[in-house]
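Participant: Provided below for reference: sequence and predicted model.
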Amino acid sequence: MSRRFPRGGSVSSGRTVTRRRALKLIGGTLAACTLAPSLSLGSLQGAKRPNVVFILTDDHRWDAMSNMNHPFVQTPHLDRLAREGVRFNNAFVTTSLCSPSRASFLTGQYAHTHGVKNNLTPWSDSNVTFLEHFKSAGYDTAFIGKWHMPGRLPSLRGVDRFITFTVQGGQGRYFDCPLIVDGREEPSRKPYITEELTDRALEFIDGRRENPFCLYLSHKAVHHQFLPPPDLKDLYDGVDLRLPPEADSMISIVDGQVVTGVVGPLEYHYRNYCRTITATDREVGRLLDFLEAMGILDDTVVVYAGDNGFFWGEHRLVDKRWPYEEAIRFPLIVRYPPMTADPGVAADQMALNIDLAPTLLDMAGLPIPGSMEGSSLVPVLRDRSVRGREAFLYEYFKDFPYNVPEHLAVRTDRYKYIRYQGRRKSEIFDLANDPKEMNNLFGTPEGNALLPELSALMDRLAQRRGS
């Protein structure tokens, strides 16, 4: 039965739920186990597999949350997730662009493998998503929200419910956005799209079922036009925005950046961006309240992520297509008490968007296919002291009409090396001493000393690309 859900506050499920099991006891047993991924919760005989909720937002920077000490943005519900789970301080996308990143979350693969190299190359239905693996393992599955990959809507195998939109080139609208529900057009029942998608997610979660569920909830927010709901339209008026010193009001129309769509005073757009983040946080809270009212919150893996970062004047840029920290880092928070040691203690190990799929499968005790190029983060959830990856490869393919050259980058704990195609000079940054990446060391004595090792590391990591 379909119900409408109020905005904000706790929501009662309207029925008695008896889903709490002895997961805390099992979690205690797991804490005493070694950190091998093969000992995930679901792999223990007789253990109940967790539900899964993955919440994905668009263009949400890693530092635009109050739990990251943002100077004014308030995100109390994301703060709760970080307090009760694990926030990954060093989470990176392997391509900072919507369509490639979304395909990487779904498949656990780099863009050069899944084939969605930019916002122009279409998704192939031969790609296998983690939802398909969950469905094969007996889960009820749903994809709700923004698809935004080129071409026709996909034939998603292993998805029981597929709710999305195609207006504005798949970007959707913040207000009165028509939906496509399992192939049929339907009007939005609520004016604001973030609230409507949350309603649809709650209805799926509330369905009567014998199986665990896996939900992929993909919001339009906080992509431009950065429109908050009416009740938040004046939020953050008068606050000091603390934009970077190299930014100015009209930066969005210089150096060809008008194609980004962020036209007009930077301050205006940034305030709305921050308001829209808080509006999205409110819907995260509504979902958490609903899971808690049903008595299944602690039996559910909840993951929050953004598909890439965003520049707000840094490097005199607006958008996300360059390989600097503001674009390639994204917020990543995981909450699942039975598999989390030391909740509230952040993880500094590198995490990638391609790690999501193998991590979710591992948390459910399902095998990780060899085709996935990411790694499970379960060992880090259990022990914040385990060693993480030392470096990763970043790639960007030409995306017309944006004047950004193709490039590869390698990032280590301390250094970043960027190799551009064409005539643009390569870049090397010492992130320990130059976290804003303002001082290019390439061609300097220090850079010359670093270059051989960084170049060899890039070549080794890129060998699997087949080019």
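Facilitator: Thanks, I have it. This is a predicted model, so every value here is computed, not measured.
Participant: which residues of the stretch 151-300 of the chain fall in strands?
Facilitator: 161-164, 179-181, 184-186, 213-218, 300-306 (DSSP state E, counting those that start in this stretch).
Participant: nope, the stretch 301-450 of the chain is what I was after
Facilitator: Using DSSP E, counting those that start in this stretch, strands in the stretch 301-450 of the chain cover 311-312, 318-319, 332-335, 347-352, 391-396, 407-412, 415-420, 427-430.
Participant: Redo the strands of the stretch 151-300 of the chain as JSON lines? Include mean pLDDT, mean neighbour count and distance to Q257.
Facilitator: Where C-beta positions appear, they are placed from N, C-alpha and C, glycine not excepted. Listed next are the strands of the stretch 151-300 of the chain as JSON lines, based on pLDDT from 0 to 100; neighbours: other C-beta atoms under 10 Å; distance: least, C-beta to C-beta, whole Å:
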{"stretch": "strand 161-164", "mean pLDDT": "98", "mean neighbour count": "20", "distance to Q257": "29"}
{"stretch": "strand 179-181", "mean pLDDT": "98", "mean neighbour count": "17", "distance to Q257": "32"}
{"stretch": "strand 184-186", "mean pLDDT": "97", "mean neighbour count": "9", "distance to Q257": "35"}
{"stretch": "strand 213-218", "mean pLDDT": "98", "mean neighbour count": "25", "distance to Q257": "26"}
{"stretch": "strand 300-306", "mean pLDDT": "98", "mean neighbour count": "24", "distance to Q257": "21"}
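Participant: Make a markdown table out of those strands and add distance to H112.
Facilitator: Output for those, formatted as a markdown table (distance: least, C-beta to C-beta, whole Å):
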| stretch | distance to H112 |
| --- | --- |
| strand 161-164 | 26 |
| strand 179-181 | 30 |
| strand 184-186 | 35 |
| strand 213-218 | 23 |
| strand 300-306 | 21 |
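Participant: L243: which of those strands is closest?
Facilitator: The minimum distance between L243 and those falls on strand 300-306, with 19.7 Å, by C-beta to C-beta.
Participant: who does that closest one pair up with?
Facilitator: Strand 300-306 sits in its sheet next to strand 51-57 (parallel), strand 332-335 (antiparallel), going by DSSP bridges.
Participant: How about residues contacting it?
Facilitator: 50-62, 78, 81, 85, 91, 105, 284, 288, 291, 330-336, 353, 356, 360, 363-364 (C-beta atoms under 8 Å, 6 or more residues apart in numbering).
Participant: Name the nearest residue to T95, sequence neighbours excluded.
Facilitator: The spatially closest residue to T95, leaving aside those adjacent along the chain, is A111, at 4.7 Å (C-beta to C-beta, 6 or more residues apart in numbering).
Participant: pLDDT wise, what is L23 at?
Facilitator: At L23, the model reports a pLDDT of 27.
Participant: Ignore what I typed, I meant K146.
Facilitator: Confidence for K146, expressed as pLDDT, is 97.
Participant: what's it in contact with, if anything?
Facilitator: Shown in contact with K146 (C-beta under 8 Å, 6+ apart): L56, D58, T164, F165, G170, Q171, G172, S218, H219, K220.
Participant: hmm, back to that, next, count neighbours for the residue nearest to T95.
Facilitator: 25 (other C-beta atoms under 10 Å).
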